[in-house]
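> Test case, fold it:
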Amino acid sequence: MGQTGTLDKAATAAGRLILEAMGEERPARSLSRLNDSPRAVRLLRELFTVAVRRSFVGRDPRDVTRYVRDLLEYQTLPAGGELARQAEAMIRGAIGEPELAHGVPELRRFELICHVIGDLTRPPGVPAAELFALVDQAEKRVARFDRPRNRVVGRRSM
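Residues are numbered from 1 along each chain as shown. As a prediction, this is how the structure comes out:
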């Protein structure tokens, strides 16, 4: 993908780590190694949501099924059964059916997120500018959702 020298386009250290991992030969595996960084994991979750919504909102649900089958076959994983159902549930959960993903264990969620995000770089791959835009949008979502809320703790009576 040729990102050397352009990693500074990510606003956060987590964003730079993700972009660097995506430039590796096996991006899904490299992304999964970021599991010890809470910020990178949070950003990966938002990046998954952003990428899935850009790809699948308004499309036929069968497109999700076809994509999951193709992704799992490309990763030489079983393209049917529980893994495929969980992957489809995660994607459909991100595009408006969150109840479908409730039964997916946390470790499996992270694994599937890494596979889908890593798949963005599969040939022909997403252009680098679009990849940076996805990471930027995910960083903005994290910043917006993690912003402290204005709260009134209580009133003192006088």
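
> Report the residue spans of the protein with pLDDT below the cut-off.
Low-confidence segments of the chain (pLDDT under 70): 1-10, 147-158.

> switch the cut-off to 80
Within the chain, the ranges that satisfy pLDDT under 80 run 1-11, 123, 146-158.

> how about the helices in this protein?
Here the chain has its helices, by DSSP state H, at 13-22, 27-32, 38-56, 61-74, 82-94, 106-119, 128-146.

> Reformat those as CSV; add mean neighbour count and distance to Leu100.
Yep, even glycine has a C-beta here, placed from its N, CA and C like the rest. CSV is the format used below for those (neighbours: other C-beta atoms under 10 Å; distance: least, C-beta to C-beta, whole Å):
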stretch, mean neighbour count, distance to Leu100
helix 13-22, 21, 25
helix 27-32, 20, 22
helix 38-56, 19, 13
helix 61-74, 15, 11
helix 82-94, 20, 4
helix 106-119, 19, 12
helix 128-146, 16, 21
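
> Would you pull up how far stretch 85-101 lies from the middle of the chain?
The offset between the C-alpha centroid of stretch 85-101 and the centroid of the whole chain comes to 13 Å, using C-alpha atoms, centre = their mean, to the nearest Å.

> can you list contacts of it?
Stretch 85-101 is contacted by residues 48-49, 52-53, 56-57, 61, 64-65, 67-68, 71-72, 102-104, 108-109, 112-113, 115-116 when judged by C-beta atoms under 8 Å, 6 or more residues apart in numbering.

> for stretch 133-141, same thing?
In this structure, residues lying in contact with stretch 133-141 by C-beta under 8 Å, 6+ apart are 9-12, 14-15, 18-19, 43, 46-47, 49-51, 54, 120, 126.

> Mind doing that once more with 10 Å?
Stretch 133-141 is contacted by residues 9-12, 14-16, 18-19, 22, 42-51, 53-54, 117, 120, 126-127 when judged by C-beta atoms under 10 Å, 6 or more residues apart in numbering.

> quick one: contacts for the residue nearest the centre of the chain?
For the chain, Phe48 is the residue whose C-alpha lies nearest the centre (C-alpha atoms, centre = their mean; 2.0 Å). Neighbour list for Phe48: 90-91, 94, 109-110, 112-117, 134, 138 [criterion: C-beta under 10 Å, 6+ apart].

> and of those, the nearest to Ser37?
Phe110 (11.9 Å; C-beta to C-beta).
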